[in-house]
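> coords please:
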Amino acid sequence: MQFQDFKGILSLIVLVILIITLINFCIYMEKTTKPFVKAKKQLIKERFPNLTNKELKSRNFSITKYELNNFFSRKQRTIIRIYGAILILSLILMIFGLITQKSILEALFAVVFFYLLALLFKLVRLIDNDRLAFWNEYLLSTPDNPLKIVMLDDDSKAKVNAIRKQFTRYFFVFGSLCFFLLFLV
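Next up, the predicted model:
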């Protein structure tokens, strides 16, 4: 067995371990955020019991559209779209590198992908307070609440923020492991 074959097999094993760990983390992420999602859905049902599923989907779309148009500037919206495109492209290229056995490619784009995910969670945490202030101001300025906005209590918000901080660290570690993998191949 040649040294190159060993390096290829080693990098593939490390990448598979990273992917399995990522899948386990996504399952963990789902389990930790599920209670907050359920609590918010329950609040919506309690405050607006007459909403049908179609109206709930329309409500979610309207909230997203309102937030994009009023919370983010045009420049920020453009940056968000570019960021999303780069994130998706790096994931596709990482998978392409894995399929074609180009271990340098897969490791490089894995680094980019996980660092971008870490940055995304960091940015979400940074703008979260501004977003909460935006929606609180909305509720004060429009008491009839046509978008049917529901806010979680402060304790739940703090727990969600702690979970996001944990995700940021996790994806940063993943990016660092992939960066280490680059030196193995």
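> okay, now residue 121: neighbour count?
Using other C-beta atoms under 10 Å, residue 121 is surrounded by 20 other residues. Yep, even glycine has a C-beta here, placed from its N, CA and C like the rest.
> Setting aside sequence neighbours, what's the nearest residue to it?
Closest residue to residue 121 in three dimensions, ignoring its sequence neighbours and counting by C-beta to C-beta, 6 or more residues apart in numbering: residue 168, at 4.1 Å.
> Could you look up the SS state of the one you found?
Put simply, residue 168 is helix when judged by DSSP: H, G, I helix; E, B strand; the rest coil.
> For residue 145, give me phi and psi.
The phi/psi pair for residue 145 (degrees, to the nearest 10) reads phi 50, psi 60.
> how far away is it from residue 37?
The span separating residue 145 from residue 37 equals 21 Å under the rule C-beta to C-beta, to the nearest Å.
> Touching, the residue nearest to residue 121 and residue 122? I think so.
Yes. Taking C-beta atoms under 8 Å as the definition, residue 168 is a contact partner of residue 122 at 5.0 Å.
> quick revisit: and the pLDDT at the residue nearest to residue 121?
Note for residue 168: predicted pLDDT of 75.
> Next, count neighbours for it.
Neighbours of residue 168 under the rule other C-beta under 10 Å: 19.
> Counting residues, which helix of the chain comes out longest?
With DSSP state H applied, the helix covering the greatest number of residues in the chain is identified as helix 3-47.
> State the mean pLDDT of that one.
Throughout helix 3-47, pLDDT has a mean value of 76.
> where does residue 143 fall, helix, sheet strand or coil?
The local conformation at residue 143, judged by three-state DSSP, is coil.
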